[in-house]
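Asker: here's my sequence, what's the structure:
(4 chains)
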Number of protein chains: 2
Amino acid sequence: MALRHAVLAALLDGEYSGYQLAKAFDIGVANFWHALPQQLYAELAKLEKEGLLSGRQVLQEGRPNKRLFRVTEAGRAELEAFAETVAKPSFIRDDLMVKVQAADLIGTAAVIAQLEERAEVSKGKVEFLTELLRTLRGGAEEDEYLRHGERIGPYLTCLRGVAFEQETRDWCLRIAAVLRARQENRAEHA
Amino acid sequence: MALRHAVLAALLDGEYSGYQLAKAFDIGVANFWHALPQQLYAELAKLEKEGLLSGRQVLQEGRPNKRLFRVTEAGRAELEAFAETVAKPSFIRDDLMVKVQAADLIGTAAVIAQLEERAEVSKGKVEFLTELLRTLRGGAEEDEYLRHGERIGPYLTCLRGVAFEQETRDWCLRIAAVLRARQENRAEHA
DNA sequence: TCTGACTAGTCACTTTCTTGAGTATGATGC
DNA sequence: GCATCATACTCAAGAAAGTGACTAGTCAGA
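Answerer: A predicted model of the protein is given here:
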């Protein structure tokens, strides 16, 4: 049971449909939790059945109807209890790093290309998240916002997201350069 | 199919038993792939059956016998093919960040304590990994090692691990301070 | 002498995740 | 005019991962 808490935490900020929640997971929540839309729909249904969320149907014209969910008092209590439990260590899985681990014993050309591609993606995310941070804090300075803003949770996780993506970008570029240099070096000595 | 490649990449550095592999996963591989011993044993068996690994029994005295595995030519080819496929985006899950996301709508005392605890853990990892890096590069300077070292894959992923843990530590301490300040602020105005 | 940690695994069960497809409507772009 | 994208989901099957318990001998320390 783990996704449930990520969903509850994401829904604290308002009423969302499964579809909107999936978007939110792509944008902000992705900084600390990865999940596919199908999982979210399933989890929402389960949480509603358990009374941690309440859903209501919203009829729409010109587009499909939707169900909006909000966290119930029981849901909030569940999160509260979760916050007290010991946190598991953070969990990472990254294909690209597996490839880098193997790098000198397999061909590196493809890996270099992928590192540079990932660096580009991360750069895009940094820009996007930086903009998102600006939006979240409104006109305020960061320090001011962190001291007196009402809802800083999403801002804080987003800060971490920016740092992570920045790190990713730097690392990818550095490693790509290292591998490229070795490739050239080998070519010279061949 | 994903753990298999992490296992193959980890085994490139020599012959390991399942038990040793589990250790390796705790130390270096944990920087990019998380897996439990039971999964590893199961995966080793599967990979052997498919011919990507070959295992041999080693009889021991004073302790249980063990099976050592090495990557076969087919295994290397599999990794080679894997390196060419597009890498999935990195996959993160972190309980602690879920708690921070919810932070201002639930009690923060426990979260602050956990942030500080995690910061300590990360500090320990930074120290450990920094030492590991020193060992890996022998007496050489980093630049020199990266240019001419024979096997730099594990070093490169380890570099990333250090950066990640350092980042984690900084973030945890900063967020803990922010949350603490808000707590005190509220107490004053109450 | 007993406890607990280390080595070296195995087995069974359950939950979770991923993959891939299907449904339906409206708007937007070429 | 057709294709594709956006909204808004649902379903099923299969692969992967996680949980917990169990075996069994050795060695070090209280």
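Asker: skipping adjacent residues, who's closest to A:Gln114 in space?
Answerer: Distances taken as Cβ to Cβ, 6 or more residues apart in numbering or on different chains put B:Ala87 closest to A:Gln114, at 5.2 Å, once the chain neighbours are dropped. From N, CA and C alone the C-beta is placed, and that goes for glycine too.
Asker: hmm, that neighbour is touching A:Arg118, no?
Answerer: Yes. B:Ala87 is within contact range of A:Arg118, at 7.0 Å (criterion: Cβ atoms under 8 Å).
Asker: just to revisit the earlier point, how close does the residue nearest to A:Gln114 get to A:Ala140?
Answerer: From B:Ala87 over to A:Ala140 the distance is 38 Å, taken as Cβ to Cβ, to the nearest Å.
Asker: what kind of secondary structure is A:Lys88 in?
Answerer: Of the three states, A:Lys88 takes coil under DSSP: H, G, I helix; E, B strand; the rest coil.
Asker: show me what contacts it?
Answerer: B:Asp95 (Cβ atoms under 8 Å, 6 or more residues apart in numbering or on different chains).
Asker: where does A:Glu15 fall, phi/psi-wise?
Answerer: Phi and psi for A:Glu15, reported as degrees, to the nearest 10, are phi -90, psi 130.
Asker: who does the closest residue to it other than its chain neighbours form a beta bridge with?
Answerer: Using Cβ to Cβ, 6+ apart and skipping residues adjacent in sequence, the residue nearest A:Glu15 is A:Leu68, 4.3 Å away. Taking DSSP bridges as the rule, A:Leu68 bridges to A:Ser17, A:Arg56.
Asker: follow-up on the earlier one: higher neighbour count, B:Ala87 and A:Arg118?
Answerer: A count of neighbours by other Cβ atoms under 10 Å in any protein chain shown puts A:Arg118 above the other of B:Ala87 and A:Arg118, at 23 against 19.
Asker: look up how far A:Ser90 lies from the residue nearest to the spatial centre of chain A.
Answerer: Centroid-nearest residue in chain A: A:Ala30, 1.3 Å away (criterion: Cα atoms, centre = their mean). Distance, A:Ala30 to A:Ser90, using Cβ to Cβ: 14 Å.
Asker: any idea how far A:Thr157 lies from A:Glu78?
Answerer: 19 Å.
Asker: and those two? Which one has more around it.
Answerer: Shown here are A:Thr157 and A:Glu78; by other Cβ under 10 Å, A:Thr157 has more neighbours (27 against 20).
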